[in-house]
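S.K.: Can you look at this prediction? I've put the sequence above it.
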Amino acid sequence: MRKIVLSVILVTILVLSYFSNYFLTIHTTNPSEISKFDTGDIAWMVVASALVLLMTPGLGFFYGGMVGKKNVISTMLQSFMAMIIVTVLWVLIAFGLSFGPSIGGIIGNPIPYIFFQGVGIGTSWKLAPTIPFLLFALFQAKFAIITPAIVTGAFAERIRFWAYLLFMVLFILFVYAPLAHMTWHPDGLLFNFGVLDFAGGTVVHMSAGWAALAGAIFLGKRKSPKPNPARITYVLLGTGLLWFGWFGFNAGSAMGANGLAVQALGTTTVAAAVASMTWVFLDKIMGHKLSAMGACIGAIVGLVTITPAAGFVSMPHAITMGIIGSIISNITVSKFHKFKIDDALDVFACHGVGGMVGMVLTGVFASKDINPAVVDQGLAFGETTLFIHQIIALVGVSIFAFAMSYFLFYIVNKITPLRVTEEREELGLDISQHGEYL
């Protein structure tokens with residue numbers, strides 16, 4: 001049956017793309033819009049798009065080094081396949097669902113942008129007028145790619161690969177796309193509510209964190225929940241690639257080579273550094289050795305925490321956010337085992353909690369002096385509106401992301417079993433799912 005379904009998918013995409021000129025509208029170039037394009041902005045956004053894409057293989061190394069040796073290839077391949085499947089899905093329909101004409105502020109109408117029709121180099125997105133629309137769409141694709149890849153750390157070492165691929169497709173369509181539309185589309189529900197999310201605190205990290213928690217609960221515990229990490233050096237390499245790529249993630253969200261991009265790059269740098277420092281200091285205070293793993297996890301938590309605020313807060317406040325995010329995530333990681341939930345690589349404690357802390361602190365520290373687009377300033381400046389809106393959004397997004405993700409895991413499990421058999425789990429996913437091994 002699977003062979004038939006896969007064959008039908010390939011043939012359908014092939015036929016539709018080949019005959020696309022018969023049913024898709026070719027949009028003509030708009031000279032007036034092209035005249036507004038800035039070559040410096042275009043150059044920076046091309047680089048930023050490449051940097052964000054680099055984060056996904058970086059995540060593969062980060063996760064792959066943490067799991068047991070018999071599951072390294074499968075874990076890394078889950079991130080790599082996200083680059084493949086989500087890219088195709090984005091062009092076909094997901095971009096339209098995220099950024100198409102708004103339907104009630106919740107989801108976009110995908111029809112105008114199906115197969116990227118109307119997404120070309122002669123027009124622009126209204127919030128990024130100095131770069132071609134196609135470049136904006138490709139930049140956003142990289143955010144969609146890494147989000148389900150982040151989720152994989154929670155159910156590492158026990159999920160069937162084909163079931164994961166199906167969940168990834170459904171997650172993009174029914175969780176990621178609505179959140180991206182509501183948060184980043186000018187007609188989106190959260191956008192018009194005044195919620196600030198500069199580069200993905202809700203859309204990427206909170207959604208991935210809550211989906212990870214849902215997956216960990218649904219799939220249950222591993223037989224051997226704490227294997228020795230296969231390669232700490234992979235974790236170090238992955239952290240370096242993620243940190244490097246995160247400059248495109250956050251600074252690229254300024255949508256141009258401008259002062260706001262520089263501010264986001266600066267806040268990203270210091271938040272990651274101080275969060276890593278805080279994590280290893282806390283480990284020492286609690287009587288543990290200063291570990292490479294701890295330094296790496298701390299840096300990632302800092303990057304996650306600053307993401308929603310990167311273009312809205314000052315450098316000193318970025319330091320404050322890095323410290324607070326690291327402390328809260330560190331405590332969550334150390335206490336989470338009491339809930340008897342096997343979140344294999346602490347995705348919820350790091351990405352979910354880090355994203356929520358970042359969203360709350362954006363409501364505390366966002367400043368008009370940093371970004372004139374800030375209408376209501378943060379709590380630290382004596383205003384309460386933004387803070388309240390951030391909290392309301394946090395609660396709403398959390399409920400939606402967790403409930404919908406759990407439902408999708410349930411649906412996928414009805415179609416094809418999510419979890420491998422005990423024998424295959426014991427054998428390892430590398431050999432049982434892919435016929436390969438280190």
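M.R.: Happy to help now that I have it.
S.K.: How far does whichever helix or strand Ile146 is part of sit from its chain's centre?
M.R.: Taking DSSP states H and E as the definition, Ile146 sits inside helix 133-151. Relative to its chain's centre, helix 133-151 lies at 8 Å (CA atoms, centre = their mean, to the nearest Å).
S.K.: Stretch 122-131 too?
M.R.: With CA atoms, centre = their mean as the basis, stretch 122-131 stands 23 Å off its chain's centre.
S.K.: what do you get for stretch 296-314?
M.R.: Centre-to-centre, stretch 296-314 and its host chain are 13 Å apart (CA atoms, centre = their mean).
S.K.: End to end on it, go ahead and measure it.
M.R.: End-to-end distance for stretch 296-314, by CA to CA, to the nearest Å: 24 Å.
S.K.: I'd like to know the average pLDDT value across it.
M.R.: For stretch 296-314, mean pLDDT rounds to 98.
S.K.: Please apply the same query to stretch 17-29.
M.R.: Averaged across stretch 17-29, pLDDT comes to 76.
S.K.: and if you look at stretch 113-124?
M.R.: 92.
S.K.: again, but for stretch 187-205
M.R.: Stretch 187-205 shows a mean pLDDT of 97.
S.K.: do the same with stretch 127-146
M.R.: Rounded mean pLDDT across stretch 127-146 is 97.
S.K.: buried set for that stretch?
M.R.: 128-146 (16 or more other CB atoms under 10 Å). All C-beta spots, glycine's among them, are computed from the backbone N, C-alpha and C.
S.K.: helices or strands up against the helix holding Ile146?
M.R.: helix 39-64, helix 72-89, helix 95-99, helix 161-171, helix 177-184, helix 207-219 (3 or more CB pairs under 8 Å, 6 or more residues apart in numbering; DSSP states H and E).
S.K.: Which residues are in contact with the residue nearest to Trp279 when sequence neighbours are not counted?
M.R.: Leaving aside its sequence neighbours, Trp279 sits nearest to Gly298 (CB to CB, 6 or more residues apart in numbering; 2.6 Å). By CB atoms under 8 Å, 6 or more residues apart in numbering, the contact set of Gly298 is Ala275, Ser276, Met277, Thr278, Trp279, Val280, Ser326, Asn330.
S.K.: Tell me the pLDDT of the second one.
M.R.: Looking back up the chat, that one is Ser276. Looking at Ser276, its pLDDT is 98.
S.K.: quick revisit: export the helices and strands packed on helix 133-151 as JSON lines, with columns for distance to Ala380.
M.R.: Shown next, in JSON lines, are the helices and strands packed on helix 133-151 (distance: least, CB to CB, whole Å):
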{"stretch": "helix 39-64", "distance to Ala380": "29"}
{"stretch": "helix 72-89", "distance to Ala380": "37"}
{"stretch": "helix 95-99", "distance to Ala380": "32"}
{"stretch": "helix 161-171", "distance to Ala380": "35"}
{"stretch": "helix 177-184", "distance to Ala380": "23"}
{"stretch": "helix 207-219", "distance to Ala380": "25"}
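S.K.: So which of those helices is nearest Ser432?
M.R.: Checking these against Ser432 by CB to CB gives helix 72-89 as the closest, at 8.6 Å.
S.K.: any weak-confidence spans in this protein?
M.R.: Confidence mapping of the chain against pLDDT under 70 gives the ranges 26-30, 32-33.
S.K.: how about the strands in it?
M.R.: With DSSP state E as the criterion, the chain has strands at 102-103, 107-108.
S.K.: What helices and strands are in contact with the last one?
M.R.: In terms of contacts (3+ CB pairs under 8 Å, 6+ apart), strand 107-108 is packed against helix 95-99, helix 177-184.
S.K.: What helices and strands are in contact with the longest one?
M.R.: Taking 3+ CB pairs under 8 Å, 6+ apart as contact, the helices and strands that helix 177-184 lies on are helix 95-99, strand 107-108, helix 133-151, helix 189-193, helix 385-415.
S.K.: Could you do the first one as well?
M.R.: Applying 3+ CB pairs under 8 Å, 6+ apart, one finds that helix 95-99 makes contact with strand 107-108, helix 133-151, helix 177-184.
S.K.: rerun at 6 Å
M.R.: On a contact count with 3 or more CB pairs under 6 Å, 6 or more residues apart in numbering; DSSP states H and E, helix 95-99 meets strand 107-108, helix 177-184.
S.K.: Nearest to Lys340, out of those?
M.R.: Each of the helices and strands packed on helix 95-99 has some distance to Lys340 by CB to CB; the shortest is helix 177-184, at 28.8 Å.
S.K.: any idea of the angle the closest one forms with helix 207-219?
M.R.: Here the directions of helix 177-184 and helix 207-219 differ by 150 degrees (axes from the mean of the first three to the mean of the last three CA atoms, to 10 degrees).
S.K.: that older thread, give me the angle between the helix holding Ile146 and helix 72-89.
M.R.: Going by the same axes, to 10 degrees, helix 133-151 is angled at 150 degrees with respect to helix 72-89.
S.K.: Could you check the angle helix 133-151 makes with helix 39-64?
M.R.: Using the same axes, to 10 degrees: helix 133-151 against helix 39-64 is 10 degrees.
S.K.: okay, helix 133-151 in CSV with CA atoms only?
M.R.: C-alpha atoms of helix 133-151 as CSV (Å, rounded to 0.1, in the frame of the first residue of the first chain):
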residue,chain,number,x,y,z
PHE,A,133,8.7,38.2,-2.9
LEU,A,134,10.5,34.9,-3.9
LEU,A,135,13.4,35.7,-1.6
PHE,A,136,11.0,36.4,1.3
ALA,A,137,9.2,33.1,0.6
LEU,A,138,12.5,31.1,0.5
PHE,A,139,13.7,32.7,3.7
GLN,A,140,10.5,31.8,5.5
ALA,A,141,10.8,28.2,4.1
LYS,A,142,13.9,27.7,6.3
PHE,A,143,11.9,28.5,9.4
ALA,A,144,9.3,25.9,8.5
ILE,A,145,12.0,23.3,7.8
ILE,A,146,13.7,23.5,11.2
THR,A,147,10.5,23.5,13.3
PRO,A,148,9.5,19.8,12.9
ALA,A,149,13.2,18.9,13.0
ILE,A,150,13.3,20.4,16.5
VAL,A,151,10.4,18.2,17.6
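S.K.: And the contacts of that helix?
M.R.: For helix 133-151, contacts defined as CB atoms under 6 Å, 6 or more residues apart in numbering pick out 45, 49, 52-53, 55-56, 59, 79, 82-83, 86, 90, 95, 119-121, 123-125, 128, 168, 171-172, 176, 200, 204, 208, 211-212, 351.
S.K.: Could you count how many residues lie near Gly209?
M.R.: By other CB atoms under 10 Å, 28 other residues sit near Gly209.
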